[in-house]
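Asker: Provide a 3D model corresponding to the input given below.
(one chain, ligands or ions: 1)
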Amino acid sequence: MSDTPTLAINGGDPVRSKPWLDNFTTGDEEKHAVAQVLDTGYLSMFEGSFHPDPPFRFDGGPAVRRLEDLASDLLDGARVVAVNSATSGLYMAIGALGIGFGDEVIVSPYTMSACAVAPLIYGAIPVFADVEPGGSLSAASIRSRLTPRSRAILVVHQFGIPADMNGIMAIAAEHGLKVIEDCAQAWGAAHGGRPVGTIGDIGVFSFNVNKTIQAGEGGLCVTRDAELAYRLQLIRNHGEAVVGPAGVGDITNLLGHNTRMTEVTAAIAIEQLKKLPALNRHRLELVERLSAGLSRFDFLVPPDGCRGSGRATFYVYPLRYRAELLGGRPRSEFVAAVNAEGIRFYQGYVRPLYSQPLYQKRQAFKHGYPWTAPENRDSAPDYSPGCCPTAERLYDREMIINEHIRPPHGPDDMDDIIAAVAKVAKAMTSTSGGGTGA
Ligand SMILES: Cc1ncc(COP(=O)(O)O)c(C=O)c1O
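Answerer: Numbers count the residues shown, from 1 in each chain. Predicted coordinates for the structure are as follows:
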């Protein structure tokens, strides 16, 4: 009789039948903080003008400003502008840097859609560069996409693993480019001893419900430049109405938005920021346990979270699958078998963004703007299949572990993941037939 256990997908007992826990990071501290705001009755204290009478202010209420101060302390004293989402923050960053028609912004295809949309909102053209095997933009690929119209690089610290900031900042310095760091997934990460988000011109963080710390929705823009911080504040709060009284000289891109954060959101975000170090420590312990257990499988490549002097904080856990070292079994078959064992693996992160209809049809606004705008006539970005081969390969070969690596899960939970992988690997390599029937 074979000692190969029957896979759950074939009717055997799963490695794990215990449910996974919800990953809520909020508790009594947030309840108390929200109650305090509710008691005041002032759920937001922004005013879309330089209002002379307190308590309403152009730069928001006490909780928003306290959050900005606290975040500034964590971010080496950089200036912080709290906003209603990281998506808004990315758009505002493009706006504040004065980017628009005739400009190109180099972006990643293997990330969240707003990163490539941000330039389009202001009439600029997103140019996709390829990523490194770790998932963040490759400096070499960025170099290959430079044109006389390149104005900025929007780099994402994908999965909470710091990007190659030495390489990227060197290109930016050589070519006079601005750098926006998307840190939505990288709370607490650092590169070269500096917090991510403070290395480029503007950093953007997210408090959405899935992030390491969360306030439901919300975000931060971060910059060391006082003028940029002011421009971000103007964009956040109906800039067009106040640039006159404020005597602002260059009013380009200062029209627009209400991207203000409420006092309630800020109160929650403050408590979450206080919890960040402990939450990150917990997450890193889980990741270390997982990497130690999974690195013995030659068909899996665990993430290298310590590129150079970087400190990764792992929003999710990316794992490359090498089918050729597991008898050529397709990733879909492996993932289905692991999932049946009670462990959730996802296939790939996102299909490279340039495959979306937005880029294939080049239709953001009426008449194909901004691609058809006269100022963008000389831009010829490549959105064809194969233009970023590493991103495409990652989408085809990578697996993502998401909610399992979050607190309050513990080492035993990680051992379940390792045990499920071991069981499936054994069945799939066994000569006595590890077919999944898939
Ligand atoms: C890399 C990245 N950038 C930006 C965002 C947008 O964040 P938000 O939901 O706060 O707008 C996300 C959220 O999923 C993200 O993962």
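Asker: name the nearest residue to His257, ignoring sequence neighbours.
Answerer: Closest residue to His257 in three dimensions, ignoring its sequence neighbours and counting by CB to CB, 6 or more residues apart in numbering: Ile235, at 5.9 Å. Heads up, the C-betas are built off the backbone N, CA and C, glycines and all.
Asker: please apply the same query to Thr212.
Answerer: Here the residue nearest Thr212, using CB to CB, 6+ apart, is Trp187, at 4.4 Å.
Asker: which residues of the stretch 1-150 of the chain lie near the ligand?
Answerer: Proximity of the stretch 1-150 of the chain to the ligand (CB under 6 Å from any ligand atom) is limited to residues Ser85, Ala86, Thr87, Thr111, Met112, Ala114, Cys115.
Asker: could you export those residues as TSV, including neighbour count?
Answerer: Below are those laid out as TSV (neighbours: other CB atoms under 10 Å):
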residue	neighbour count
Ser85	19
Ala86	27
Thr87	22
Thr111	27
Met112	20
Ala114	21
Cys115	26
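Asker: among those, which pair sits farthest apart?
Answerer: Ser85 and Thr111 (15.4 Å; CB to CB).
Asker: now do the contacts for the residue nearest to His257.
Answerer: Ile235 sits next to Met92, Gly95, Ala96, Asn253, Leu254, Gly256, His257, Thr259 when contact means CB atoms under 8 Å, 6 or more residues apart in numbering.
Asker: for it, give me the pLDDT.
Answerer: Ile235 is assigned a predicted lDDT (pLDDT) of 97.
Asker: okay, and it sits in which element?
Answerer: Using DSSP states H and E, Ile235 sits in helix 226-236.
Asker: off-centre distance for that helix?
Answerer: Chain-centre distance of helix 226-236: 22 Å, with CA atoms, centre = their mean, to the nearest Å.
Asker: buried ones in it?
Answerer: Buried residues in helix 226-236, counted by 16 or more other CB atoms under 10 Å: Leu228, Ala229, Tyr230, Arg231, Leu232, Gln233, Leu234, Ile235, Arg236.
Asker: just after it, pick out the following helix or strand.
Answerer: helix 239-246.
Asker: ok, which stretches of the stretch 251-400 of the chain are helices?
Answerer: Shown for the stretch 251-400 of the chain, the helices assigned by DSSP state H, counting those that start in this stretch span residues 263-294, 331-340, 357-360, 389-397.
Asker: pipe those helices into TSV and attach distance to the ligand, mean neighbour count and mean pLDDT per row.
Answerer: Below are these laid out as TSV (distance: least, CB to the nearest ligand atom, whole Å; neighbours: other CB atoms under 10 Å; pLDDT from 0 to 100):
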stretch	distance to the ligand	mean neighbour count	mean pLDDT
helix 263-294	11	20	96
helix 331-340	22	20	98
helix 357-360	16	14	98
helix 389-397	14	19	97
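Asker: distance to Pro119 added to these, as a markdown table?
Answerer: Supplementary listing: those in a markdown table, determined by distance: least, CB to CB, whole Å:
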| stretch | distance to Pro119 |
| --- | --- |
| helix 263-294 | 27 |
| helix 331-340 | 33 |
| helix 357-360 | 12 |
| helix 389-397 | 18 |
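Asker: remind me which residues of this protein are low pLDDT?
Answerer: For the chain, applying pLDDT under 70 flags the ranges 1-2, 305-309, 431-438.
Asker: select the longest strand from it.
Answerer: Longest strand of the chain, by residue count under DSSP state E: strand 150-156.
Asker: just want the angle from the helix or strand following that one to strand 150-156.
Answerer: Where DSSP H and E defines the elements, the next helix or strand beyond strand 150-156 is helix 165-175. With axes from the mean of the first three to the mean of the last three CA atoms, to 10 degrees defining the directions, helix 165-175 sits at 170 degrees from strand 150-156.
Asker: and helix 165-175, what other elements does it pack with?
Answerer: helix 139-144, strand 150-156, strand 178-182 (3 or more CB pairs under 8 Å, 6 or more residues apart in numbering; DSSP states H and E).
Asker: can you give me the buried ones in the shortest one?
Answerer: Along strand 178-182, the positions that meet the burial threshold by neighbour count (16+ other CB under 10 Å) are Lys178, Val179, Ile180, Glu181, Asp182.
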